[in-house]
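1. Prediction below, plus the sequence it came from.
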Amino acid sequence: MAVRFLPPLLMLLAAVAAYFLFPYNLAFLTRIVIMVVLVLSLDLVLGFAGIATLGQAAMYGAGAYAAGLFAIHVWADPVAGLVAGALAGAVLAALSGAVLMRTQGLTLIMLTIAVAQICAEIANRARGVTGGADGLRGIRPGKVLGVWEFDFIGITGYWYALAVMLLVFAVLAILGRSPFGLSLRGIHESPARMEAIGVSVYRRRLAAYTLGGGIAGIAGALTAQITQLVSLETFSFSLSAEALIMLILGGTGRLYGAVLGTVIFMAVHHVAAANDPFNWLFVIGALVLAVVFFLPAGIAHLPTSLKRLSKGGRHAGS
Amino acid sequence: MNLLLNIAVDGIAYGMILFMIAVGLSVTMGLMRVVNLAHGGFALIGGALAHWLGAGLGLPFGLALLLAVAGTIVIAMPLERLVYRRIYGFGELQQVLATIGLTFLMIASVNLLLGSSLLAIPLPEALSRSVDLGFRQLTAHRAAVIAVGALVILGLWALLDRTRFGIRLRAAVDNRDTASALGIDTGRIYMLTFALGAGLAALGGILGAELLPIDAYYPLRYMVLFLIVVAIGGLGSILGSFVAALAIGLIETASRYLVPDMATITFFGIVILFLALRPRGLMGRA
Amino acid sequence: MQGLEVRGLSKRFGGLVVSENIDFDLPPGARKALIGPNGAGKSTFANLVTGILSPSGGTIRFDGQDVAGLNEAQRVKRGIAKTFQITTLFPRLTVRENLRLPVLEREGQGTRMFRRASGNAEIEAEVTALIDQFDLGPLADRPVLDLAYGQQRLVEMALSLALKPRLLILDEPAAGVPSSETHLIIEAIERLPDDLAVLVIEHDMDLVFRVARSIVVLVQGRILTEGTPEEIANNAQVRELYLGGAHG
C-alpha cells in the first residue's frame, strides 16, 4: 500500500524542492507543470486507450482560447476559467472524435494533425475575436479562490498550476484503476476481443478522447491564465509532437512516466535550445531515434525491463 | 470561363506535383506498412540540392535537376537500410516517432548547411516564358509540370505492368508473405521502391518549388497535405494517389480562387467529410 | 423450443456458396461437434451464428427469438459467445484482469470511473471461481503473454465463459496446442456447466470423440449427416471423406 503512494509523494517533494532550488526560474518550472498536464491527457488517450494522435494541441489551444476569452468577457475567476477551458477541450474532442474515432492508423494520425491545423486557421481568421497572429491579449485573471493574487515573480502561478496538476494526476490515477480504465487498456490490447465481450469500442474510445480533450483544455487554460497571453502556437504541430515524445520518453500507460518524460525533455530543451532552435532539432531528432531503438517502453519501464532481462524473460522491453 | 480555366490549369499542375511527391509515400506505406512522416523530407532534400547546384554552383537547371534527384536517391538508399528496415516490424506509434525524429534531423541538416531562408531554384528562361494556346496564355512551367506528371504516371504504369520488377512489386503489395514464400527478394524490392519514391518526391519538390516553396521547414509544413493524398487515394494504390492528388489539387486551387478567406477550412472540411464516409479512401482495401 | 434453432441458413460470397440450406438445433446442455474438411464452411457457420457475418437467407432463432438482425455485441448480451480460433486475449493484462473485464462488462459496470475495478466482492468471487475452474490459480497474477500456449487457450475459454453465455461456440479450442497438453483442453470442456449448450468446431478427432455426444458433418457448405460419435465413426460416407481424402 505504502509503495503506491511513493511516486506521488516523491513528485510533490521534488516540486517543493524545485521551488526553493530555482527561485528565479519559476516561469520555466510552471511551464513544465502545465506541460505535465497536457502530457497526462495524452497518456489517457494514447497510453491507456491506445488512440494514436498527433493533434492533442487542438484541445490544448481550444482550452487556452476559451479560458482567455472567458476571463476577458465573462468572469475573471481562474477556477471558472479552468472549467471553461475543460469544456472547450472536451466539446472539440467530442465533435472531432465522432469522425476521428471511426478511422485508424495513418488516416487517424493525419486527421488529428488536420484538426489542429483547422483550429489554428480559424483562430487566425477570426482576428476580431482572437487577435489573430498577434495573439489574444488582455487576459487579467482574478485571485485564485478569491485569496491569492497572480504576482510578477510567478509564485501564485507555480503553486496554482502544481495544485491543478496534482488533482489531474489523482483523478487519472483513480480512473486508471477503475473498470473504465481497465476497459480502455482492454481496447488498447485487443479491440476485437472487446467487441466480442459486447463493448462498443467506438463509444468507449470516444469517451476517452473526450475526457483527454477536457484535460488538455485544462492545460491550455492554465497557460492562458498564467502567461496572460494566447498565441496561435498553442495549436502547433510541434507542440503535439513534443508532447508525444515526452510521453514515449517517460513511458506510456503509467502516469508518472508522463511526469518523468516531461521533466527530462523540458530540462534538456532548456539547456540545448537556449543557443539555437535549429541545433535543438538535432538533439531532439537524435533523442527520439534513440528512444525508439534503445528504450522503446520508456524510462518508467526501465526497472521492469531490467528485471525481466536479469530473469531471462522473453519479452524484455516489449 | 477564364476563371475556370485558371483553376483547371493551376489545379492540375498542383495535383501533378502532389502526385509526384506522394506516390512514393503511398506505395511504401502500402508495401512496408510503415507510417512514414519523413517522406516530405526527400522533396526538401531534392529541392535543397537543386538550389545548391543551380543557384550556388550555377549549373544549368536540367543538370541540377537530374543531379539533385540522383543525390536524393543516394541519400535515401542507406536510410532505408539503416533506419527504415529496422522499424518495419515496429508498432505504428514507434514508426510515427522514428520518422518524426528523422524529419527533425533532415530539417536541422538542411538548415545547418543552407540556412533557414527560402531556397530559390532558378528556372531557365524557357520555363519562365508564356506559351500561347490561342485562347489563353499558359506559363511554360505549368505546362512542363503537367507534362512531366503525365509522363511519370505513364512510366509507373509501364513499370508496374510490363516489367518483372513491377509484377514482383504488385505481388508484394498484395501479399507480403506469399511473395517471400514464392522466393521474391522483398528486401531488394523494398529498397528499390523506397529509392524510386524518394526520387519522385525530389522531382516533385524541385518542379513544384513555385507552388510549395522550399525551406528547411518544408517537410513539417506540408506533411498533412502529402498524408491527405495517401489517405484519400488509399494506401498502396498508385491510381488512387493519382486521382486523389488531382482532385485535391483542383479542390484546393478552386477554394483559393473562390473563397480565399475560407480556403483552408473549406479544403479540410471536404477532406474530413470524404474520409468520414470512406475511411479507407478511394481505392483502399479492407 | 429453447436454445439455438437454425433453419434453411445460407451464405453466399458473390457467386460462391459457402453455406447452403443448413438446419441445425442446439438445445441447452447439448454437446455437439461440427466437423468437416477444410473449406467446408465451419467457421462461416460459427460467424453467422455469432453475428460477425450476416446470412444471405434462412433464420437463426435463439431461445425462441429471431437474432438475425442483431450485431455481435447484441448477441453476446442475449447469451451467444464464442472463443477465437486464433487466441485473442489481452496479452499484457494479468489472467485475473483478463477475466475481470468480461464480468464487469456483463454486469454493465464497464463505464464506472471512480471505483476500483477490483473493488466489487461479488465480481471478484466470480473471477476467482473461474480461475479455479480452469486450474489457473498459480498464474492468476501473471500477464497472459507469459503463459504457455495451452494455458492461453484455457484463458481464451474462460474469457468467453465469463460472459455467462447459454450457448458457447468453441472454434478449434485445441488449435496449436501440443498434443501433450490437449488433455487440459478436453478436461476443461468436460467441466463446462451442464445446462450450457456447447458447439465444438475441431479438427482433432480425439477431442471431438471425447467431448461430443452428437456430431454434425459439414461438406461444401451442406450438412452431410448427423449422428452419435459411434454412428459417425461407422458411417461409410464419412469414412470415405476422411480416408478417401488422403488419396484424392
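-> All right, it came through fine.

2. By mean pLDDT, point me to the weakest helix or strand of the chain.
-> No chain specified, so I'll use chain A. Here the helix or strand of chain A ranked lowest by mean pLDDT, DSSP states H and E is helix A:302-310, holding a mean of 64.

3. To clarify, I was referring to chain C.
-> helix C:245-247 (a mean of 45).

4. could you show me where the helices are in the stretch 151-300 of chain A, in order?
-> A:155-177, A:179-189, A:191-197, A:201-227, A:237-250, A:255-272, A:277-294 (DSSP state H, counting those that start in this stretch).

5. Adding distance to chain B, mean pLDDT and mean neighbour count, write those helices out as JSON lines.
-> All C-beta atoms are positioned from the backbone trio N, CA, C, and that covers glycine. Listed next are the helices of the stretch 151-300 of chain A as JSON lines, based on distance: least, C-beta to the nearest C-beta, whole Å; pLDDT from 0 to 100; neighbours: other C-beta atoms under 10 Å in any protein chain shown:
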{"stretch": "helix A:155-177", "distance to chain B": "19", "mean pLDDT": "95", "mean neighbour count": "19"}
{"stretch": "helix A:179-189", "distance to chain B": "11", "mean pLDDT": "96", "mean neighbour count": "24"}
{"stretch": "helix A:191-197", "distance to chain B": "13", "mean pLDDT": "91", "mean neighbour count": "21"}
{"stretch": "helix A:201-227", "distance to chain B": "12", "mean pLDDT": "97", "mean neighbour count": "27"}
{"stretch": "helix A:237-250", "distance to chain B": "6", "mean pLDDT": "94", "mean neighbour count": "24"}
{"stretch": "helix A:255-272", "distance to chain B": "12", "mean pLDDT": "91", "mean neighbour count": "21"}
{"stretch": "helix A:277-294", "distance to chain B": "3", "mean pLDDT": "86", "mean neighbour count": "18"}
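
6. Mind putting these into TSV with distance to chain C?
-> Shown next, in TSV, are these (distance: least, C-beta to the nearest C-beta, whole Å):
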stretch	distance to chain C
helix A:155-177	5
helix A:179-189	4
helix A:191-197	5
helix A:201-227	7
helix A:237-250	17
helix A:255-272	15
helix A:277-294	19
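
7. Relative to A:G128, how far out is the closest residue to A:S238 other than its chain neighbours?
-> Leaving out its chain neighbours, the residue that sits closest to A:S238 by C-beta to C-beta, 6 or more residues apart in numbering or on different chains is B:L220, at 7.6 Å. Using C-beta to C-beta, to the nearest Å, we find B:L220 at a distance of 29 Å from A:G128.

8. The two: which is more packed in?
-> Each of B:L220 and A:G128 has its neighbours counted (other C-beta atoms under 10 Å in any protein chain shown); B:L220 has more, 22 against 7.

9. Touching, the more buried one and A:S240? I think so.
-> No: shown here, B:L220 and A:S240 do not form a contact pair, counting by C-beta atoms under 8 Å, at 11.3 Å.

10. got the contact list for the closest residue to A:L249 other than its chain neighbours?
-> Among residues not flanking A:L249 along the chain, A:G261 sits closest, at 3.9 Å (C-beta to C-beta, 6+ apart). Residues counted as contacts of A:G261 (C-beta atoms under 8 Å, 6 or more residues apart in numbering or on different chains) are A:39, A:245-251, A:298-300.
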